[in-house]
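Participant: Pasting the sequence and the predicted coordinates here, then a few questions.
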Amino acid sequence: MIRWHNILIPVVTALLAAALVDVATWDQMKAGLLVALSVMAAGVLVRLARGLPFTSADHYEVDEVRRLTKAVEQIMRSLKLLILAVLLAMIVLVTAASVLEAFNRHMPAFCHWVGPALSGTIGLLLAYVCIRMWQVIRGDQELTSLQSKFIVRAVERKQAARFEDQIAPSEGNFKPPADYGKVVN
C-alpha cells in the first residue's frame, strides 16, 4: 500500500528547496548535515546488527514467531532502504557544489536550472531520510509492542500449565470414604 505522505512530503520539500534554497546554502550547511546523516547511518548499522530481538522462541506459539519474524524482516527492509537513502543524500550533498561549478564552467547556459534541480534533490533526499527514519522508529515501536504482548501471553500460558500440573495430581488422589453419602439416622 502506498502511503502518499511518504511521496508528497519529499516532493513538496524538493519544490520548496528548489525555489528557495541556493546550492551555496546547502554547501555551507554541509558539515552539520553530514554529521547528522552520519549519526543516522551509525544508528541504522547498530540496529541492523541487533537482528531478532529475542533469543529463545521456546515459549512462543508458531503463529507468534511468524508474526515477530515478519515484523523484523519488514524493519530490516526499511533499514536497508534508509541506509541507502542516507548514503545517497551524503553523496549528493558532498558533490552538489562541485557539480554546479562544473556546469557553470562548461555549460553556463544550463546552470540556471541545474542549481535549483540540485537544491531540490538535496531537499527531497533529506526529507525522505527523515520520513524513513520515522518509519523505522515506528516499526521498532510496533515490534516492541507486539513482542511485549507475546511475552505476556507466553507467561500466562506457562502459569496456566503450572497451575494445571498442580491441580491435576490432587484430583486423582482424592477418594471419598466408603460410607460417604450414606444417610445417617
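Facilitator: In hand now; what should we look at?
Participant: Every contact and neighbour count from this point should use C-alpha atoms.
Facilitator: OK.
Participant: show me where this protein has helices.
Facilitator: Assigned by DSSP state H, the helices in the chain fall at 4-20, 23-50, 62-106, 111-173.
Participant: could you redo those as JSON lines and give each row mean pLDDT, distance to residue 184 and mean neighbour count?
Facilitator: Shown next, in JSON lines, are the helices of the chain (pLDDT from 0 to 100; distance: least, C-alpha to C-alpha, whole Å; neighbours: other C-alpha atoms under 10 Å):
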{"stretch": "helix 4-20", "mean pLDDT": "91", "distance to residue 184": "83", "mean neighbour count": "17"}
{"stretch": "helix 23-50", "mean pLDDT": "90", "distance to residue 184": "73", "mean neighbour count": "15"}
{"stretch": "helix 62-106", "mean pLDDT": "87", "distance to residue 184": "57", "mean neighbour count": "17"}
{"stretch": "helix 111-173", "mean pLDDT": "84", "distance to residue 184": "26", "mean neighbour count": "16"}
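Participant: Please produce CSV containing those, extended by distance to residue 185.
Facilitator: Formatted as CSV, those follow (distance: least, C-alpha to C-alpha, whole Å):
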stretch, distance to residue 185
helix 4-20, 86
helix 23-50, 76
helix 62-106, 61
helix 111-173, 30
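Participant: quick one, what contacts the residue most central in space within the chain?
Facilitator: The centroid of the chain falls nearest to residue 136 when counting by C-alpha atoms, centre = their mean (1.9 Å). Applying C-alpha atoms under 8 Å, 6 or more residues apart in numbering to residue 136 gives the contacts 75, 78-79.
Participant: Looking at those residues, which is nearest residue 166?
Facilitator: residue 75 (41.8 Å; C-alpha to C-alpha).
Participant: if I look at the closest one, how far off is residue 32?
Facilitator: Using C-alpha to C-alpha, to the nearest Å, residue 75 is found at 27 Å from residue 32.
Participant: related to what we said a few turns ago, ok, so what distance separates the residue nearest to the centre of the chain from residue 94?
Facilitator: From residue 136 to residue 94 the distance is 25 Å (C-alpha to C-alpha).
Participant: what do you get for residue 23?
Facilitator: 11 Å.
Participant: Could you list which residues are in contact with residue 159?
Facilitator: Residue 159 sits next to no residue when contact means C-alpha under 8 Å, 6+ apart.
Participant: heads up, I number from 430, so please use that
Facilitator: Done: numbering now begins at 430, and the last item shifts to residue 588.
Participant: quick one: it from residue 594, how far?
Facilitator: From residue 588 to residue 594 the distance is 10 Å (C-alpha to C-alpha).
Participant: residues shared between the contacts of the two?
Facilitator: By C-alpha under 8 Å, 6+ apart, no residue touches both residue 588 and residue 594.
Participant: Could I get the contacting residues of residue 575?
Facilitator: Taking C-alpha under 8 Å, 6+ apart as the test, what residue 575 contacts is residue 497.
Participant: Identify the residue spatially nearest to residue 562, adjacent ones excluded.
Facilitator: residue 511 (6.7 Å; C-alpha to C-alpha, 6 or more residues apart in numbering).
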